[in-house]
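Peer 1: Whatever this is, show me its structure:
(one chain, ligands or ions: 3)
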Amino acid sequence: MTFLAIDVGNTRLKWALYDAHRPGAALLAHGAEFLDHIDRLAEGSWAQLPVPTKMLGCVVAGDAVKRRVQDQMELWDVPAQWVVSSAQEAGVVNGYDYPSRLGSDRWVAMIGARHHVLAKGPARPIVVVMVGTAVTVECIDTDGRFLGGLILPGHGIMLRALEAGTAGLHVPTGEVRLFPTNTSDALTSGGTYAIAGAVERMVQHVIAHCGAEPACVMTGGAGWKMAPSMTRPFELVDNLIFDGLLEIAARRFG
Ligand SMILES: Nc1ncnc2c1ncn2[C@@H]1O[C@H](COP(=O)(O)OP(=O)(O)OP(=O)(O)O)[C@@H](O)[C@H]1O
Ligand SMILES: CC(C)(CO)[C@@H](O)C(=O)NCCC(=O)O
Ligand SMILES: [K+]
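Peer 2: Ligands and ions are numbered 1, 2, ... in the order given. Have a look, this model is predicted:
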């Protein structure tokens, strides 16, 4: 019983093959491909892979990209199944005005985060931060209800927007500084603290609304870069999307 989890993001596709479709399954192989390069997965990193018996994915990149991924999966017999955000799944209730309009990456990561926190102790509110091309900051209450979340430009988009929208700014990477004294540091620090500040606001909203300190979890490729600049302790979790896909798969596939 092998299980292939796929996260098709805004910039890259990330995949992971597990030995079973349940939380805690052993990771057999994993990889990432920029969306421009996904058409060579079948003859590349998937060619020698043990054949997956089940697959579940989430995709925010649109139908054309989804079809390109499914074309690559023709290498195997396994049906492609994609998570669509719904009113509730795997113990999380969706408070979005239109639940299906919530990005499925956000939905799946929240399901991963909820079970991650429940596995460690009693239920409590959660702030889930996903740091990638875009940044999302979600709140789940003690009962597992998604109350709402923020969408911010990711660090890269912020700096490119500044470069494109100003006359004289160019963007070599700088360092995060408390008091930046050159342009590169000013830009890098501005982007980093914009994200950290938005997260801090959400934490304050959660404390005020739920009356309890939230568990703060962070995921996404650039999470480790943000972690030192946060105002509160954050637990870095490698890939909440894969964790969420394992939780959903365990319930759907039995
Ligand atoms: N110093 C930094 N601080 C915060 N974020 C950063 C930093 N450097 C890069 N990033 C962000 O991290 C992103 C890369 O993270 P990640 O690898 O998770 O994204 P991705 O897989 O390309 O995104 P997606 O999942 O949307 O396809 C970049 O797009 C950039 O916005
Ligand atoms: C916000 C992003 C871009 C984050 O990857 C993605 O989840 C998305 O496209 N969401 C759809 C809009 C929404 O979640 O409200
Ligand atoms: K993403």
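Peer 1: Return the per-residue confidence for the most centrally placed residue in the chain.
Peer 2: Nearest to the geometric centre of the chain sits residue 130, at 4.7 Å (CA atoms, centre = their mean). As predicted, residue 130 sits at a pLDDT of 98.
Peer 1: what's the answer for the one 3 residues further on, then?
Peer 2: Among the per-residue scores, residue 133 shows a pLDDT of 95.
Peer 1: Excluding chain neighbours, what is closest to it?
Peer 2: Counting by CB to CB, 6 or more residues apart in numbering, residue 10 is the residue found nearest to residue 133 once chain neighbours are left out, at 3.9 Å. In this view, the C-beta of every residue, glycine as well, is placed from N, C-alpha and C.
Peer 1: what about that neighbour, distance to residue 142?
Peer 2: Distance of residue 10 to residue 142, given as CB to CB, to the nearest Å: 31 Å.
Peer 1: dump the residue contacts of residue 100.
Peer 2: 84, 85, 86 (CB atoms under 8 Å, 6 or more residues apart in numbering).
Peer 1: What values do phi and psi take at the first one?
Peer 2: Main-chain dihedrals, residue 84, degrees, to the nearest 10: phi -110, psi 130.
Peer 1: same deal with the second one?
Peer 2: In terms of degrees, to the nearest 10, the main-chain angles of residue 85 are phi -60, psi 130.
Peer 1: What count of nearby residues applies to it?
Peer 2: Applying the criterion other CB atoms under 10 Å, we find 21 residues in the vicinity of residue 85.
Peer 1: Would you agree it is in contact with residue 95?
Peer 2: No - when contacts are counted by CB atoms under 8 Å, residue 85 is not listed as touching residue 95 (11.3 Å).
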